[in-house]
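Following is a predicted model, sequence given first.
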Amino acid sequence: MIVTIHQPNFLPWLGYFYKMARADRFVFLDSVPFAKGSYTNRVRIKTAAGPQWLTVPVVTRGRLGQVIAEVRCSNTLDWRKKTAQALRTNYQHCPHFQPHADRILEIIHAAGDGLADLNIQLIAYVAGQVGICTPTLRASRMQARGKATDLLIAIAKELGADTFLSGMGGAEYQDESAYGRAGIKLAYTDFQHPTYPQAFGEFVPGLSIVDLLFNCGPDAMRILTGKPA
């Protein structure tokens, strides 16, 4: 069984969903400290002026070291309205903006203040729309404990996995030999970013999955996985 693990990010990029589609179990790593400036609460979309950040403001004052499962969205700014405006302004003319935009914005407006809860709901919606049905779990609700590579191995072992699928960036920080000692095969994703029709000129990679969904609709899964029509 292949397991992959990642923080619950805000409307993540294509590579996130590619990794999810390649696994038998996907674990949201919400039991680790929140990293300011990470993709956990922000992502880029495309605008006529180039890439733009969409950011969910979060409460950090007095909460140093808080884990992702504890992070609360800040309501000092009306970020939900700002997000809705940004999506409508830049994507309303895309061929598949609706009905996806209405549902995404409904989730954003109806979600409580928990950042992980919000992100997981959005990821679940998008995954369903592109045809990914990989079962998911939250690390904060598992027994696995540890730090860094040890935590990833503990999660994989708790699920009975024989293979851990890592993003390519994992090679820079994890102890690869530890997987072999634990009897788990370490594999790296082979994701190659596809090109697809986008608004506003030259193609820009690394954007939120909504860019693909709004532009390509039912072709999103084929484009994401590189499979022929």
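Cool, the structure landed. Numbers count the residues shown, from 1 in each chain.

Could you pull out the strands in the protein for me?
Listed in chain order, the strands of the chain (DSSP state E) span 2-6, 25-28, 42-47, 50-55, 136-138, 163-166, 185-188.

so which of those strands comes closest to residue 70?
Residue 70 sits nearest to strand 136-138 of all these, at 12.6 Å, using Cβ to Cβ. Quick note: C-beta positions are derived from backbone N, CA and C, even for glycine.

what residues does the helix ranked longest in the chain touch?
Longest helix of the chain, by residue count under DSSP state H: helix 115-130. Helix 115-130 is contacted by residues 8-12, 16-17, 20, 28, 30, 34, 40-41, 56, 58, 68-69, 71-73, 100, 103-104, 107-108, 111-112, 133-134, 136, 138, 140, 209-210, 213, 220-221, 224 when judged by Cβ atoms under 8 Å, 6 or more residues apart in numbering.

again, only this time at 7 Å
Here helix 115-130 makes contact (Cβ atoms under 7 Å, 6 or more residues apart in numbering) with 8-12, 17, 20, 28, 30, 41, 56, 58, 68-69, 71-73, 100, 103-104, 107, 111, 209, 213, 220-221, 224.

now those: which count as buried?
Buried members of the contacts of helix 115-130, counted by 16 or more other Cβ atoms under 10 Å: 8-12, 17, 20, 28, 30, 41, 56, 58, 68-69, 71, 73, 100, 104, 111, 209, 213, 220-221, 224.

Output the helix or strand of the chain with the lowest mean pLDDT in PDB with nothing but the alpha carbons.
When the helices and strands of the chain are scored by mean pLDDT, DSSP states H and E, helix 176-181 comes last with a mean of 91. Extracted as PDB, the C-alpha positions of helix 176-181 are listed here (Å, rounded to 0.1, in the frame of the first residue of the first chain):
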ATOM      1  CA  GLU A 176      16.300   8.300   3.300                       C
ATOM      2  CA  SER A 177      18.100   5.400   5.000                       C
ATOM      3  CA  ALA A 178      15.600   5.400   7.800                       C
ATOM      4  CA  TYR A 179      12.800   4.100   5.500                       C
ATOM      5  CA  GLY A 180      14.900   1.100   4.600                       C
ATOM      6  CA  ARG A 181      15.600   0.300   8.200                       C
END
